[in-house]
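In: no sequence for this one, just the structure:
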């Protein structure tokens, strides 16, 4: 629920203050560590991550937000219109919607990118760079391999906060190396791991009912 608004410096955008709706959302809000937010769809993992990033930036902790997703396989984007940049832009749609909701402005995401406050990247372009003074959201991380995740986390420079988001139930943990990666994060005191369950679904009662039924059937 939105309470009041605060201004994001450099963009003339006002961020609505959001309250957590579930206990696990509250745990994420209260944490001052790096985060691994994992669990079922519709629980607000990405939305919360973006809000926390902008909130930290308003407080002056970081300068920008970097959103990372797995490189889109050629078989998935090959038949989409446009060049590689235009094809990848299709996968930015969720973040555009989140920015509209958080800032109550239809062009908020475009403004944030124009001002270099938000950067969207795929794992194809992470090698050789160092990320500094940023909140780094690694979204849909269940689609990444251990090598991709390792490449990302070893690019983190000074003064950064890292937030991983994903639904490991959608992934073969043993096959893609996520199990090993999660084991590494569990050994790091700088990380909080939060498991979002069916009770945390806030997208809609319909989605909650569907996922409940699917889970009961073991699908």
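Out: Right, received. Where do you want to start? Computed from a predicted model, the values in this text were never measured in an experiment.

In: contacts and neighbour counts: CA atoms only from here.
Out: OK.

In: Listing request: residues of this structure with sub-threshold pLDDT.
Out: In the predicted model of the chain, residues 1-5, 71-88, 170-176 satisfy pLDDT under 70.

In: who does the longest helix along it touch, helix- and strand-wise?
Out: The longest helix of the chain (DSSP state H) is helix 45-58. When contacts are defined as 3 or more CA pairs under 8 Å, 6 or more residues apart in numbering; DSSP states H and E, helix 45-58 sits against strand 2-8, strand 13-18, helix 23-30, strand 64-69, helix 93-103, strand 134-138, strand 160-166.

In: which residues sit against it?
Out: For helix 45-58, contacts defined as CA atoms under 8 Å, 6 or more residues apart in numbering pick out 6-9, 15, 18, 25, 28-29, 37-38, 62-65, 98, 102, 135, 137, 139, 163, 165-166.

In: Buried by neighbour count, from these: which ones?
Out: Among the contacts of helix 45-58, those buried by neighbour count (16 or more other CA atoms under 10 Å) are 8, 15, 18, 25, 28-29, 37-38, 62-65, 98, 102, 135, 137, 139, 163, 165-166.

In: Enumerate the positions of whichever strand or helix holds residue 179 that are buried.
Out: Assessed by DSSP states H and E, residue 179 sits inside helix 178-186. In terms of neighbour count (16+ other CA under 10 Å), helix 178-186 has its buried residues at 178, 181, 185.

In: again with stretch 208-219
Out: For stretch 208-219, the neighbour count (16+ other CA under 10 Å) marks 208, 211 as buried.

In: what's near enough to touch residue 197?
Out: Neighbouring residues of residue 197 by CA under 8 Å, 6+ apart: 39-40, 43.

In: Return the member of these nearest to residue 152.
Out: Nearest to residue 152 out of those is residue 39 (CA to CA; 20.9 Å).

In: Distance of the closest one relative to residue 13?
Out: With distances taken as CA to CA, to the nearest Å, residue 39 is found 31 Å from residue 13.

In: In terms of neighbours, single out the busier of the two.
Out: residue 39 (22 against 18; other CA atoms under 10 Å).

In: which residues does the more buried one bridge with?
Out: Note on residue 39: beta-bridge partners residue 196, judged by DSSP bridges.

In: ok, it touching residue 195?
Out: Yes - between residue 39 and residue 195 there is a contact at 5.4 Å, judged by CA atoms under 8 Å.

In: Tell me, how many residues neighbour residue 14?
Out: 18.

In: go on, the one 5 residues further on?
Out: Neighbours of residue 19 under the rule other CA under 10 Å: 13.

In: Spatially nearest residue to residue 92, not counting backbone neighbours?
Out: Of all residues not flanking residue 92 in the chain, residue 120 sits nearest, at 7.5 Å (CA to CA, 6 or more residues apart in numbering).
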